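Curious how this folds, go ahead:
(one chain, ligands or ions: 1)
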Amino acid sequence: MEKTAGKVSWRETWSIYKRAARLLRRYTPGLFAAVTAWAAVTGVTPYAGVYLSARVLEELAGARRPDALWRWVILTVAVTGALALAGHALERWKNVHYQRFFEDRKRIYTDKLLDMDFEDVESQRTRDLLAQIRQDENWAGLGLQKTPYLYEGILQQAIGMASAVALCAGLFTARVPSSGSLRLLDGPVGLLGLLGAIALPTAASSWLWGVVHRMEQNAATAETATLGNRIFGAFGFFNRDAFRALDVRIYGQQRIARRYMASNLVFSADGPFAKLDAGKVGLLNAVSAALSGLPTGAVYLYVCLKAWAGAFGIGLASQYIGAVTALADNVRTLLRKLSEARNNAFFIRIAYAFLDTSNAMYQGSLTTEKRSDRRYDVEFRDVSFKYPGSDSWALRHVSVKFKVGARLAVVGENGSGKTTFIKLLCRLYDPQEGVILLNGIDIRKYNYHDYMDIFSVVFQDFQLMSQPLGANVAGSADYDRERVTKALTDAGFGDRLAALPEGLDTMLYRDFNGEGVQISGGEAQKIAIARALYKDAPFIILDEPTAALDPMAEAEIYAQFNDISGDKTAIYISHRLSSCKFCDEILVFDRGSVIQTGTHEALLSDETGKYHELWTAQAQYYT
Ligand code: ADP
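Predicted structure coming up:
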């Protein structure tokens, strides 16, 4: 898929993380500061212990002065105690930021979704990328979210390395006093031998670890894991959703779920991951671990020989052993982290492919200025539109002018283009041909968010949130309670509201609160209408939100709505003609075109027209 495939170079890895750091700093300020402070303290802590205990040993094996010994012991306890305390305090601080980051990182994606052209929000590419990002995160914490953890690890190891180098510098400058063969240890042979014995197994162990890591976490295994997780996600808790539970019982759908679960071997003992672990991965991991032990042996040998030959005492010997062993450990872990970072960069690239989705829609800057007279004239001028990826026109040569404050009906059979007409009006898409004008100016020239402000739409598949009733209507936790109450009353929810003990604070649905109320489809509809009224936009549109109701009930709601929409320009959409007959103007859609316009009476009098045909066909329901 586009630039998400292929190997990531070190250079690209660096620029990927530079961008990741900028993003994370913006979304979770303070995260890097907290991680840096923690890594600095915990990075030096082991070395402080090594240094101070070496001083105690030195004094014990040397001059044995009680006051000096006491001083070192007290200092050791005080410093290691203070570092441990600071480490724990900083860990809490760090964890608080991680917790915040865990939530904030989701905003990186949701903000982008809010900002994207609607066409891209719906696209398969977007859905695929998001699914992949989520799966990679859930499966092995891969992607952007791994960035601070990698930074933490790399910094901690780097600080550890610097401390270790400072502590073991003396190991190479201390001279073996005798003239025996052990003088060799001071020369290049001894030094290169030691470095080689540390560096070669460390490098080999880290390299092998990188190989193993890439075998376990790569594009192909991510895909396998995705499949496994998807099957589990879809069928593992098949009847968890209340809306499905009934179908599952009646049609015994658990049989399908069980079959999928039985065949989902991805994470089982016979699955590909288990096989990998039992085979090559396990073997190479063991070799890597064995290699990582070799430097410790070499360090012991070198330091002990030098101490035995008299280059330094027992205290320094313990300091050098501690420092060099830890240094080898730091280097090995650092190399692993770097290789892990490069491997993870591959997964961050997928997140960037999503975040870099460009906005093709032109974004103008004109404001729609809040006009007190609500005079917003809209005109469709010869508009034609095809959905992305579709060959057929969903709308063809549509020309319509809205009268301000009028009641406009859009009728027509299912699939005739009514909803598409509204989607274009709300600029969810731009037409391929023709132009839509607001007060004589192409709507593309307006600031998009400003333009959105002039519409309230109740879509057919509106969604309410599992939030308090008032917040649902206002779309915000802080709202004008009086206005919300009025909107609900106007929408016909007044009696029900009065019966709710907690009124506007009543939680809808039970997702978050056992006390939440389950509302019926009709009630949900009224709340959705109240939400549209509360927004108080100059255009108010009902796009068959009543489709589940019988025609009589729909007609009643539409007529009621007519009274409450006041001076707003109202647009009603329905495939049921009777619901809209009160409107000032009716547009009859047929296969994407407006084929008739007029009042109900005028349209009905044309006996050869589509309206008459549809009316006669539907009349049986209303008589
Ligand atoms: P109506 O609201 O009158 O029922 P629509 O405006 O929803 O009709 O649909 C008009 C035409 O556009 C139909 O042929 C429908 O199949 C097609 N269509 C609607 N939505 C999409 C979409 N997202 N992608 C492709 N085609 C679509």
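
Residues of the stretch 351-500 of the chain that sit close to the ligand?
Y387, S390, A394, G412, N414, G415, S416, G417, K418, T419, T420 (Cβ under 6 Å from any ligand atom). For the C-beta atoms, the positions are set from N, CA and C on the backbone; glycine is no exception.

Alongside the ligand, which residues does the protein contribute?
Y387, S390, A394, G412, N414, G415, S416, G417, K418, T419, T420.

Was I right to think the fourth one contacts D590?
Yes - G412 is within contact range of D590, at 5.8 Å (criterion: Cβ atoms under 8 Å).

out of the two, which sits in the busier spot?
Between G412 and D590, counting by other Cβ atoms under 10 Å, G412 is the more crowded of the two (27 against 16).

The helix or strand of the chain with the lowest mean pLDDT: which residues count as buried?
Within the chain, no helix or strand scores below helix 551-564, which has a mean of 75 by mean pLDDT, DSSP states H and E. For helix 551-564, the neighbour count (16 or more other Cβ atoms under 10 Å) marks P551, E554, A555, I557, Y558, F561, I564 as buried.

hey, where'd the strands end up in this structure?
For the chain, the strands defined by DSSP state E occupy 378-386, 393-401, 407-412, 433-438, 441-442, 455-458, 539-543, 569-574, 585-590, 593-598.

Let me have these in CSV, extended by mean pLDDT and distance to F273.
Output for the strands of the chain, formatted as CSV (pLDDT from 0 to 100; distance: least, Cβ to Cβ, whole Å):
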stretch, mean pLDDT, distance to F273
strand 378-386, 95, 45
strand 393-401, 95, 46
strand 407-412, 91, 54
strand 433-438, 95, 53
strand 441-442, 92, 55
strand 455-458, 90, 47
strand 539-543, 89, 48
strand 569-574, 89, 51
strand 585-590, 93, 54
strand 593-598, 93, 56
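
still on that earlier bit, now, among the buried residues of helix 551-564, which is nearest to the ligand?
For the buried residues of helix 551-564, the residue nearest the ligand by Cβ to the nearest ligand atom is E554; the value is 15.0 Å.

ok, the closest one to Y572 distance?
The spacing between E554 and Y572, counted by Cβ to Cβ, to the nearest Å, is 10 Å.

Now the common contact residues for these two.
Counting by Cβ atoms under 8 Å, 6 or more residues apart in numbering, the contacts common to E554 and Y572 are S579.

D490 is in contact with I527, isn't it?
No - in this structure D490 lies outside contact range of I527 using Cβ under 8 Å: 11.9 Å.

who's in contact with Y300?
I321 are the contacts of Y300 under Cβ under 8 Å, 6+ apart.

Just the buried subset of the residues of the chain next to the ligand, please.
The neighbour count (16+ other Cβ under 10 Å) marks A394, G412, S416, G417, K418, T419, T420 as buried among those.

mind listing which of these are in helices?
K418, T419, T420 (DSSP state H).

So the first one versus W207, what's the distance?
Here the distance between K418 and W207 works out to 63 Å (Cβ to Cβ).

Against the ligand, how distant is the spatially most central residue of the chain?
Nearest to the mean C-alpha position of the chain, by Cα atoms, centre = their mean, lies K106 at 3.3 Å. From K106 over to the ligand the distance is 26 Å, taken as Cβ to the nearest ligand atom, to the nearest Å.

same check, this time on A20
34 Å.

now that residue, nearest residue through space, not along the chain?
T147 (4.4 Å; Cβ to Cβ, 6 or more residues apart in numbering).

what do you get for E544?
Nearest to E544 is Q460, by Cβ to Cβ, 6+ apart, at 4.7 Å.

okay, and for the stretch 151-300 of the chain, where does confidence drop off?
178-180 (pLDDT under 70).

At which residues are the helices of it located?
188-216, 219-235, 242-251, 254-263, 272-278, 280-308 (DSSP state H, counting those that start in this stretch).

now the first one against helix 219-235, angle please.
Orientation check (axes from the mean of the first three to the mean of the last three Cα atoms, to 10 degrees): helix 188-216 against helix 219-235 gives 40 degrees.

Please shift the residue numbers so they start at 38 in all later answers.
Got it, the first residue is 38 from now on, which makes the last one we talked about helix 225-253.

what's helix 225-253 packed up against?
helix 309-315, helix 317-345, helix 351-392 (3 or more Cβ pairs under 8 Å, 6 or more residues apart in numbering; DSSP states H and E).

could I get the ones you listed as a markdown table with distance to L68?
Putting the helices and strands packed on helix 225-253 into a markdown table (distance: least, Cβ to Cβ, whole Å) gives the following:
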| stretch | distance to L68 |
| --- | --- |
| helix 309-315 | 31 |
| helix 317-345 | 31 |
| helix 351-392 | 16 |
